[in-house]
Each structure stands twice: as C-alpha cells, then as structure tokens.
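1. build the 3D model from these lines:
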Amino acid sequence: MATRDSIDELLERCNAAIGFAEEQYKISQMQQHYNIEEYTDAQYQLENVFNDLETMDHSANAQQRDQLYRMRLLIQDKQNQMALHLP
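-> Residues are numbered from 1 along each chain as shown. Purely as a prediction, here's the structure:
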C-alpha cells in the first residue's frame with residue numbers, strides 16, 4: 001500500500017514538472033526555437049511523472065487513486081498542449 005508521504009512526494013514532483021513545463025511553454029511562445037532542449041526536457045519530465053503516477057496507482061487506496069487520477073489528467077493536458085505547440 002502506498003504511504004501518504006510517498007503520494008505527497010509524487011504529487012509534489014508532478015507539480016514541479018507541470019510548473020517547469022508551463023515555464024518552457026511560455027518561453028517557447030516568445031522565443032520560438034531557442035529553447036528546444038529545455039522544452040524537450042520538460043516533456044520528458046512530464047512523461048516520467050505520468051509513468052510514476054500509473055505505477056503508484058497499483059498500490060494506492062481509493063482516495064489516493066482519485067488524487068493520482070486528477071493529477072494524471074493535469075499532466076495529460078499539459079502534454080497535449082506542448083505537443084500541439086512544438087518549438
């Protein structure tokens with residue numbers, strides 16, 4: 001079973017990845033192709049935390065699964081936004 005601390009730590013990592021992705025998305029809109037490495041890194045971070053969310057889901061209780069599901073939706077939304085706007 002997933003511990004509260006492990007869920008909280010994963011959700012913090014997810015929020016950090018989303019924040020970094022949002023920053024890189026804004027920069028890419030202003031600078032076009034100058035931040036390709038960082039943009040790709042942000043997408044990679046989003047993919048990693050998404051996979052971690054899926055892994056954690058297997059050992060979570062119902063309430064934790066709901067939290068993880070909502071975070072997966074946020075991650076997917078950011079991934080889609082970034083995929084539609086490649087620098």
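
2. how much space between the residue positioned nearest the centre of the chain and Asn80?
-> Centrality entry for the chain: nearest residue to the mean C-alpha point is Leu46, 3.5 Å, by CA atoms, centre = their mean. In this view, Leu46 and Asn80 are 10 Å apart by CB to CB, to the nearest Å. (C-beta placed from N, C-alpha, C; glycine too.)

3. wait, Met1 sits on His58?
-> No. Taking contacts as CB atoms under 8 Å, Met1 lies outside contact range of His58: 10.3 Å.

4. return the distance of stretch 69-87 from the chain's centre.
-> The chain centre lies 8 Å from the centre of stretch 69-87; the measure is CA atoms, centre = their mean, to the nearest Å.

5. residues in contact with Glu23?
-> By CB atoms under 8 Å, 6 or more residues apart in numbering, Glu23 lies in contact with Ala42.

6. name the residues of whichever strand or helix holds Val49 that come out as buried.
-> Taking DSSP states H and E as the definition, Val49 sits inside helix 36-57. Buried residues in helix 36-57, defined by neighbour count with 16 or more other CB atoms under 10 Å: 38-39, 42-43, 45-46, 49-50, 53, 56.

7. equivalent analysis for stretch 9-20, please.
-> 10-11, 13-14, 17-18, 20.

8. pipe the residues you listed into CSV and attach secondary structure, pLDDT and distance to Gln76 per row.
-> Output for the buried residues of stretch 9-20, formatted as CSV (DSSP: H, G, I helix; E, B strand; the rest coil; pLDDT from 0 to 100; distance: CB to CB, whole Å):
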residue, secondary structure, pLDDT, distance to Gln76
Leu10, helix, 97, 16
Leu11, helix, 97, 15
Arg13, helix, 98, 16
Cys14, helix, 98, 11
Ala17, helix, 98, 12
Ile18, helix, 97, 11
Phe20, helix, 97, 16
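
9. between those, which sits nearest Ser28?
-> Ser28 lies nearest to Phe20 out of these, by CB to CB, at 12.4 Å.

10. which ones are touching the closest residue to that closest one other than its chain neighbours?
-> Computed as CB to CB, 6 or more residues apart in numbering, the closest residue to Phe20 that is not its neighbour in sequence is Ala42, at 5.2 Å. Ala42 makes contacts with 17, 20-21, 23-25, 82, as judged by CB under 8 Å, 6+ apart.
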